[in-house]
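Colleague: coords please:
(one chain, ligands or ions: 2)
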Amino acid sequence: MTIDGLAKESATVEPAVVLDGVGRSFDDRVVFDGLDLMIDKGEFVVILGHSGTGKSTLLRILAGLDREFSGRFLAPDQRSIAFQEPRLVPWRRVLANVTLGLTGNDVQNRGREALAEVGLTSHIRAWPNTLSGGEAQRVALARAMVRMPELLLLDEPFGALDALTRVQMQILLMELCAKHRPSVVLVTHDVEEAVLLADRLLVLHEGRFILDQRVALPQPRLRTSPDVQRIRAEVLGALGVFDERSELQ
Ligand SMILES: Nc1ncnc2c1ncn2[C@@H]1O[C@H](COP(=O)(O)OP(=O)(O)O)[C@@H](O)[C@H]1O
Ligand SMILES: [Mg+2]
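Modeller: Ligands and ions are numbered 1, 2, ... in the order given. Next up is the predicted model:
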């Protein structure tokens, strides 16, 4: 089926992303072969999967950083990506890191606004090496958001943060997404994080999605709620992980 055909099949919401038979191999290693995926506009998709299943490979393709794939995909031009490491330029101050590569008269103001939205107004002139891990990741988020992405791609963005900072970053991300409504594809290893944030959960395994589940629970979600724990147990099951805690629910 053509991409147009696929797009028209989508019920009422316009798709933001359409993957149509996408394949990617590295020498003999076939990561995907004919992967299909459609993501609605404004949908918050979380991808889980064991290490090495191709999550980062998929995000790099979606970001336009990897063009060595087969098949076709559609994605908005306005795309941003952030990684586990903040990847800040050490010899530029925070504001200059956020506005890096942007042009126009209002760039400075946009950068300031993006930093205000992540709560870092007081760090505008700071050097990256003076920031905590959480602050650096906020800068990375501001750098992603200042580009006004229609598609926000996040590859284990909170994976290196302590538990408390991670919770604060999850809340911040939800606030930013509620305000700006990008479509989001977030990769995480944290199943609870996935269930708390996702409109839709995908589990990638051996080159295909073995679970594709909508999470219809209202926001904000409590990690202790029985629904969250039930879905968490289902996802762990799909990942082939036995979990005692979920047996106790
Ligand atoms: N640049 C590369 N060269 C060779 N193999 C790669 C490269 N990038 C990824 N791979 C391989 O592709 C597979 C998927 O990798 P990756 O997408 O990083 O997995 P994940 O993010 O799910 O842990 C792995 O087997 C990895 O070794
Ligand atoms: Mg990865």
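Colleague: which stretches of the chain have low pLDDT?
Modeller: Counting by pLDDT under 70, the chain shows low-confidence ranges at 1-12, 242-249.
Colleague: I'd guessed residue 177 sits against residue 184; true?
Modeller: Yes - between residue 177 and residue 184 a contact is recorded at 6.0 Å, counting by C-beta atoms under 8 Å. Every residue, glycine included, has its C-beta placed from N, CA and C.
Colleague: pull up the overlap in contacts between the two.
Modeller: Jointly contacting residue 177 and residue 184 under the rule C-beta atoms under 8 Å, 6 or more residues apart in numbering are 44, 152.
Colleague: looking at the two now, which is surrounded by more residues?
Modeller: residue 184 (23 against 20; other C-beta atoms under 10 Å).
Colleague: can you name the element that comes right after the helix or strand encompassing the more buried one?
Modeller: Assigned by DSSP states H and E, residue 184 belongs to strand 183-187. Using DSSP H and E, the helix or strand that directly follows strand 183-187 along the chain is helix 191-197.
Colleague: pull the residues that contact the helix or strand that that following helix is followed by.
Modeller: Using DSSP H and E, the helix or strand that follows helix 191-197 in sequence is strand 200-205. The set of residues external to strand 200-205 that reach it, using C-beta under 8 Å, 6+ apart, is 37, 43-50, 53-55, 58, 194-195, 209-215, 231, 235, 238-239.
Colleague: run the last query once more with 10 Å
Modeller: For strand 200-205, contacts defined as C-beta atoms under 10 Å, 6 or more residues apart in numbering pick out 31-32, 35, 37, 39-40, 43-50, 53-55, 57-58, 185, 187, 191, 194-195, 209-216, 231, 234-235, 237-240.
Colleague: what lines up beside it in the sheet?
Modeller: Taking DSSP bridges as the criterion, strand 200-205 pairs within the sheet with strand 44-48 (parallel), strand 208-214 (antiparallel).
Colleague: quick one: these as CSV, columns for mean neighbour count too.
Modeller: As requested, the strands paired with strand 200-205 are exported to CSV (neighbours: other C-beta atoms under 10 Å):
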stretch, mean neighbour count
strand 44-48, 24
strand 208-214, 14
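Colleague: output the ones you listed in CSV; the columns should cover distance to ligand 1.
Modeller: Below are the strands paired with strand 200-205 laid out as CSV (distance: least, C-beta to the nearest ligand atom, whole Å):
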stretch, distance to ligand 1
strand 44-48, 9
strand 208-214, 13
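Colleague: so which of the ones you listed comes closest to residue 88?
Modeller: Across the strands paired with strand 200-205, residue 88 has its closest neighbour in strand 44-48 (25.0 Å, C-beta to C-beta).
Colleague: which element follows the closest one toward the C-terminus?
Modeller: Of the helices and strands lying after strand 44-48 in sequence (DSSP H and E), the nearest is helix 55-63.
Colleague: so which residues of this structure form strands?
Modeller: For the chain, the strands defined by DSSP state E cover 15-26, 29-40, 44-48, 70-74, 79-82, 151-155, 183-187, 200-205, 208-214.
Colleague: how far away from the center of its chain is the last one?
Modeller: Between the mean C-alpha point of strand 208-214 and the mean C-alpha point of its chain there is a distance of 16 Å (C-alpha atoms, centre = their mean, to the nearest Å).
Colleague: quickly list what residue 208 is bridged to.
Modeller: Going by DSSP bridges, residue 208 forms beta bridges with residue 205.
Colleague: wait, it touches residue 32, no?
Modeller: Yes - using C-beta atoms under 10 Å, residue 208 is in contact with residue 32, at 7.6 Å.
Colleague: now the common contact residues for those two.
Modeller: Common neighbours of residue 208 and residue 32 (criterion: C-beta under 10 Å, 6+ apart): 53, 54.
Colleague: and for the nearest residue to residue 227 once chain neighbours are set aside, the neighbour number?
Modeller: Computed as C-beta to C-beta, 6 or more residues apart in numbering, the closest residue to residue 227 that is not its neighbour in sequence is residue 217, at 5.3 Å. The number of residues packed near residue 217 is 16, by other C-beta under 10 Å.
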